[in-house]
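Colleague: give me coordinates for this.
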Amino acid sequence: MWYRWAAPDKPWTGLTIKMSKSEEELFKTCTIITLGNGKRSRFWKDNWLNGKAPIDIAPACFRLARRKNHPVACALQGRRWMRGLRRMNTEEQLRQFVDLWSQLQGVQLQESEDTLMEIRIFRKIFSKISIRCSVCRDFSGS
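Modeller: From the prediction side, this is the model:
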């Protein structure tokens, strides 16, 4: 995840790298995203909306969503983030949808790129954890 932000021109940036749920949560907790043009931030999973990720605001809607890794710019265009949400059938899903929709009303994309700020100690901790997890996965055969 870090390389998607720190080294977007590197060839491995577009590769899908499997991360555990705890690794993703650590990354989200230790970083702050400032939305620019919305081309780098993922709509559902990155903390770009008032410091939160839409998946955390509306998890029931996320489960129904069709495109879960679209960039913000793509998801907002033509309200693509709503695709799949026609299947809502509970009060909780509707309540979360309205909450998310209302927070999205103030979003304005800019010409500048999205930026990621890290909490100072993040890179050291995350690098060590990622290395350990990778080594453990290699030895366990998964």
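
Colleague: contact partners for residue 48?
Modeller: With contact taken as Cβ atoms under 8 Å, 6 or more residues apart in numbering, residue 48 is in contact with 33-35, 38, 41, 72, 114. Where you see a C-beta, it was placed from the backbone N, CA and C, and this is true even at glycine.

Colleague: next one: residue 71
Modeller: Taking Cβ under 8 Å, 6+ apart, one finds 38-43 in contact with residue 71.

Colleague: which one of these is nearest to residue 67?
Modeller: Among those, residue 43 lies closest to residue 67 (Cβ to Cβ), at 8.1 Å.

Colleague: check what pLDDT the nearest residue to that closest one once chain neighbours are set aside gets.
Modeller: Excluding the flanking residues, the one nearest residue 43 by Cβ to Cβ, 6 or more residues apart in numbering is residue 75, at 3.6 Å. For residue 75, the pLDDT comes out at 96.

Colleague: where does the chain dip in pLDDT?
Modeller: For the chain, the stretches flagged by pLDDT under 70 are 1-17, 119-142.

Colleague: got a list of what residue 32 touches?
Modeller: Contacts of residue 32 by Cβ under 8 Å, 6+ apart are 47, 51, 116-119.

Colleague: mind listing the strands for this protein?
Modeller: With DSSP state E as the criterion, the chain has strands at 31-34, 115-118.

Colleague: report the distance from the last one to the chain centre.
Modeller: Spelled out, that is strand 115-118. A distance of 13 Å separates the centroid of the chain from that of strand 115-118, by Cα atoms, centre = their mean, to the nearest Å.
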